[in-house]
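Chemist: Let's see this in three dimensions:
(2 chains)
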Amino acid sequence: MRGDIHFLLGNDVTIVSGIDPQTTVLDWLRTRARRPGSKEGCAEGDCGACTVVLGELIDGKLRYRAFNSCILLMPALDGRQLLTVEDLAAASIDGSGLHPVQQAMVDQHGSQCGFCTPGFVMSLFALFQDTQRFNSGADGGMPSRHRIDEALAGNLCRCTGYAPIVRAARQALASPAEDEFTQRSGEIADRLSQLQQAARQAGGLHLQFDGRQYFAPTTLAQLWQLLEQHPDAQMVAGATDVGLWMTKQLKVFDVLINVCEVVELQGIRHDQENNCLVIGAAARYSDVLDTLVDHYPTLRPMLTRLGAVQVRNAGTIGGNIANGSPIGDMPPALIALGSRLVLSSATGRREIALEDFFIDYGKQDLQPGECVEAIKLPVHDSAGQPRTGSSESGHHLAVYKISKRFDQDISALCAAIAVRLEDGKVASVRLCFGGMAGTPKRAVKAEQALIGQTWKEATILLAQQAMGDDFTPLSDWRASSEYRMLAAQNMLMRFYLESSGETVAQLPLAHSA
Amino acid sequence: MNDVQKNADGLAVVHQPLAHDSAIKHVTGRAVYIDDMLEPAGVVHVYVGTSSCAHGRIKRLQLDAVRACPGVVAVLTAADVPGVNDISPLHKGDDEIFASETVEFHGQVLFAVAAESRDVARRAARLAEVDIEPLPAILEVAEALEQQAFVDPTHEMVRGDASEAIATAPHQLDGEIHIGGQDHFYLEGQAALSIPQEDGDMLVYSSSQHPTELQHLVAQAMGRPDNAVTVEVRRMGGAFGGKETQAAQWAVITALVALQTGRAAKIRLDRDDDMISTGKRHDFVARYQVGFGPNGSLHGIDIKLAARCGMSADLSGAISDRAMFHADNAYFLPAVRIRSYRCRTNTVSNTAFRGFGGPQGMMVIERVMDAIAAELGLDPLQVRRANLYGGKGRNLTPYFMTVEDNVLPQMMDELVVSADYEQRRQQVLDFNHDSRVIKRGIALTPVKFGISFTTSFLNQAGALVHVYKDGSIHLNHGGTEMGQGLFIKVAQVTADAFGLELGRVKITATNTGKVPNTSATAASSGSDMNAMAALDACNKIKRRLSEFIAEQFKVDAAAVRFSGGKVVFGEQAMDFNELITLAYLGRISLSATGYYRTPKIFYNREQARGRPFLYFAYGAAVSEVEVDTLSGEHRLRRVDILHDVGRSLNPAIDMGQIEGGFVQGAGWLTTEELWWDDQGSLRTHAPSTYKIPVSSDVPEAFNVRIWQRGENLEPTIHRSKAVGEPPLMLAISVHSAINQAIAACAPQPQRLPPLDSPATPERVLLCIQQIRNGAR
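Modeler: Down below sits the predicted model:
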């Protein structure tokens, strides 16, 4: 294993050694690299002022994605290209000194106090690169307002009210000319490929600092071995949660093991033979979102409201499960779908129902030396019908996330409901909620009230009543116990109304323009 | 937007939609904030330790472990303050730098630690052993009212006999509304850097709206005169009132550390600590009793406003006063009594925030309008129009100021047409008739906001203008830049005064060594006052130049004009630079200070009578919302705004203030919730738990217009109007529209359930439950 971090800072190969592996990219940029353009607004990945863009090889292709550098650890840069706001102006082609997204922000008065601006510029730059690359959309690649909002959901601005920033996005994306980064993308991809190969040949990273250790293995066997050697090690993936333990609780870990470089834990694949989707534990939300939505279109609203783009670019589904949060948005949906969890270690592999993994608040069924390897989602039911949520198959699936703010908020509650109807009766049902208990939890009594019953409003009322016995939710700053229960019961009604074709049953929560 | 107003000379400087002077620096990351400055060699990093108890007696503060931590350079407590251990802006002695005997809120600073790195300082600060004996804590406004715990005496404003008018009116209503507070959430947290100078003097860089006050508080804490301290502020990464008094503590602490260690000292608060330990917008509990006629017109009203001031007075007196000054908003109150209670609680001391109490006052009267309309089954707009200020007999405020410049009737008429209010209201009613789950609401609310500090002496400003030998200009004034575009506006006025391009004017950092004794950049007064002061300085230099020309070229000084980069006199013209060279050689002073004090204003607070404001700024907004009656979630569908900025100094900057102010106000009233637990600990102290609006909260149909007929009747700078605060209150239309949607859930017109703010999904859903159950 290699003891230093190799990456491209802009276009320059940079090797960092002798650094505390818990150093965030933001701190390194601001204090060591003397690049103070990226700002710290919150140090918890929620404001976007620190947004940087990483160039990464994904399936051999160079992709530029936005990350929160305040909770991105330095070793995560290995084999990647780091671009900051300082790189953009330096790279302008027309000599104006400004990249098109920067020029648009100036022209449209997109900055006032300017503190959030570098972060917005980098998020817009990532969108600019995406738009160029895929040039999708009906009107010559101009992204919809919804797409712009999605790209900006992780960036807070307190001054402008966003309207001029949206105008700037439109100006910059109206005719996305090539920029230096697209022109050099072939060369950058080659250089990153070399870095990546070298990293794999070296067998990953092993950093040591002040008696502490950091590992980034590249194979599952290596990971198992490390977990066996260091049973108390803290595993980390996207660091969208563990990063906060460091920046806020000031935690120091003797041994950190990053699972993100393990080849076997990547991606999502369709296992035709076993009729399921297999998501690698280290697959990031952004990597699997499209495939998941292809199979389960009704998951899209929840998936695009889970964190924001910077969080989805770093965060993994395996991490969302492994940290056992009662308010993670993914577990309820996965449980409602009947997903199974693959756990493995040097001594073997086992598979459990996902809901059984969550034992109690803060307690998961993960043995020492064991890691989450994969999540398996059933694609078809036993009758061979797709669980796509289309009414023809009898399957209905919905996930309702309720939070104070529509985008980039943590759920007050999250309801995932999967029902299969046969001849107007409930043939199967799984109701799973986040935010209603110490773990993601099924509403067993409400399910019992529904199963075998006629799918009508009166049945729903009975199930709502039964749900009152399923949960004793907490009161906290996200919602009161009373509201959580009432809203959870109402989500079942919303689901019923939607499945019965009630018109205008749901709030159009996103801009369609 | 981009409706450009040309000035009389056709010069493209004033009234032009020019970009913010730092725009290019913002987008390239080259704008320098405190934490971006090159650090002086040997700088120490400072952090603080705070109380985890809302109220208690400090029994023991054991800091040995903090001191022993490797890398720690110094530890300071109340005992280490050589001067006065207080930063109260009004010298009330109730805002200690370091708590000495008791702690008064959860998050109060107990000590500071200076270390070789920020990381070490933060870690060391957590090693303190603190023993605090808990005392009974007042955590709610209601408790403070009950115990008569106040930071400032109760104040009253009376005109006519309100109780008689209410009693004899055909209809009566009473109600209560809780209006939530708001965290500023400036993106740049509190930060300061102090650098020791010779003679024990101190140079302080701070992210502050009030350099002069900070200078004084640093000097006072060091036990030195004001002239030992210089404060400089180039820009803030947002402030919104949150850096008017709240920046002082951190700057003072760095100065004390620098004084003690002889090393430069820097502090930058973590977001959580910033939110826990600094003041916010006051939450209010308001009660009203109102009597009105069958068309909704008010006969009499009695309003009680109780503000959560927190543990000290800070600016709560003036803030509560401004809430009273705006409890009428745009409406004539024929007989009125307004009482204001300034409640002392064991929570962080609340402070200035854009609107300064005005928004809370307005929320009450707008709630009254909605409640009357619901009671009578009328369109709330009809009720609002019936109560607007009018001509003689209907133009006197509760504080006996005559409203002379009311343009709301015209503006509202225009907005009703441009927003298509009437037809859309009908569509909303039709939609609600047919829709079971989703209900819509639409509302038009006006804003009338008084401009001037209500503490009259604060209405003064200074500037300093140099013309260098090469004809380049150095501009300085007492106002600070927090993103609002003050610097560009004053630069435009300055360039215009000399007839030069904007690029000739160098904008420089606010510095107490250049312009002394300034007021905070606050109360929306920044450009009104500082641009006038700068113009005064320019005029002094121009006068000297004109007299010089008159003497040299034997022309009339009055005929000299500065225009298009030239100086024109009679048939002759000369480049500005050429003139400056001649004037320098002719030994003419090319530097001047400027000064401005706002005319006409006076106020007798004892009698609550006077003219506290030079003029009013006006605006109106129509918001349409959609509410999911199963979850209480809601979305803003469309917003139309018409706002009066007089003759805009810079329409692009003003548009930014209107759009941004509205969205900030909408956040205050919907998603932004401050939540304290039963121990008085704030639990929404980071963006993960405290939710300000994001891009998707702003509707695609966001039609904002500057009122083209706007012109200040008062001779303000180029007849412009202040714009910083007023637009925030346009967002009350959002809250009102949600009220309408909730009202649509009732089977028939009935009393509105009290929708407090912020209107979170929870509050909305519980109101819907209440109205469906027919509760009265």
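
Chemist: For the stretch 351-500 of chain B, which residues are neighbours of chain A?
Modeler: Near chain A, the residues belonging to the stretch 351-500 of chain B are B:435-438, B:482-485 when assessed by Cβ under 8 Å from any Cβ of the partner chain. To be clear about C-beta, it is placed using only N, CA and C from the backbone, and glycine gets the same treatment.

Chemist: And stretch B:336-346, how far out from the chain middle?
Modeler: Stretch B:336-346 sits 20 Å away from the centroid of its parent chain (Cα atoms, centre = their mean, to the nearest Å).

Chemist: Let me see the mean pLDDT of that stretch.
Modeler: Across stretch B:336-346, pLDDT averages out at 98.

Chemist: Show me which residues of it are buried.
Modeler: B:336-346 (16 or more other Cβ atoms under 10 Å in any protein chain shown).

Chemist: related to what we said a few turns ago, give me the buried subset of the residues of the stretch 351-500 of chain B next to chain A.
Modeler: Buried members of those, counted by 16+ other Cβ under 10 Å: B:435, B:437-438, B:482-485.

Chemist: Next one: stretch A:228-239, is it in contact with chain B?
Modeler: No. Using Cβ under 8 Å from any Cβ, we find that stretch A:228-239 stays clear of chain B, coming within 14.9 Å at best.

Chemist: For that stretch, report the contacting residues that lie outside it.
Modeler: Applying Cβ atoms under 8 Å, 6 or more residues apart in numbering or on different chains, the set of residues contacting stretch A:228-239 from outside is A:71-73, A:76, A:213, A:215, A:226-227, A:242, A:253-260, A:281-282, A:284, A:311, A:314-316, A:318-319, A:322, A:345-346, A:368-369, A:371.

Chemist: Let's see which of those end up in helices.
Modeler: Taking DSSP state H, the ones among those that sit in helices are A:226-227, A:242, A:311, A:314, A:318-319, A:322.

Chemist: For residue A:49, state which of those residues is nearest.
Modeler: residue A:311 (14.5 Å; Cβ to Cβ).

Chemist: neighbours of the one residue in the stretch 151-300 of chain B that gets nearest to chain A, just the number please.
Modeler: Going by Cβ to the nearest Cβ, chain A is nearest to residue B:237 of the stretch 151-300 of chain B, at 2.9 Å. The tally of other residues near residue B:237 (other Cβ atoms under 10 Å in any protein chain shown) stands at 30.

Chemist: Can you tell me the closest non-neighbouring residue to it?
Modeler: Nearest non-adjacent residue to residue B:237, counting by Cβ to Cβ, 6 or more residues apart in numbering or on different chains: residue B:188, 2.4 Å away.

Chemist: any idea how far that neighbour lies from residue B:483?
Modeler: Between residue B:188 and residue B:483 the computed distance is 10 Å (Cβ to Cβ, to the nearest Å).

Chemist: Quick check: neighbours shared by those two?
Modeler: A:113, A:115, B:236-238.

Chemist: Around residue 236, how many other residues sit close by?
Modeler: Answering for chain A, as no chain was given. By the criterion of other Cβ under 10 Å, residue A:236 has 27 neighbours.

Chemist: wrong chain, I was asking about chain B
Modeler: Using other Cβ under 10 Å, residue B:236 has 30 neighbouring residues.

Chemist: Give me the distance between it and residue A:159.
Modeler: Distance from residue B:236 to residue A:159, by Cβ to Cβ: 11 Å.

Chemist: which residues are common contacts for these two?
Modeler: Joint contacts of residue B:236 and residue A:159 (Cβ under 8 Å, 6+ apart) are A:113, B:483.

Chemist: residues touching the residue of chain B found nearest chain A, list them.
Modeler: In chain B, the residue that lies nearest chain A is residue B:29 (2.2 Å; Cβ to the nearest Cβ). When the contact criterion is Cβ under 8 Å, 6+ apart, the partners of residue B:29 are A:35-38, A:84-86, A:89, A:117-118, A:121.
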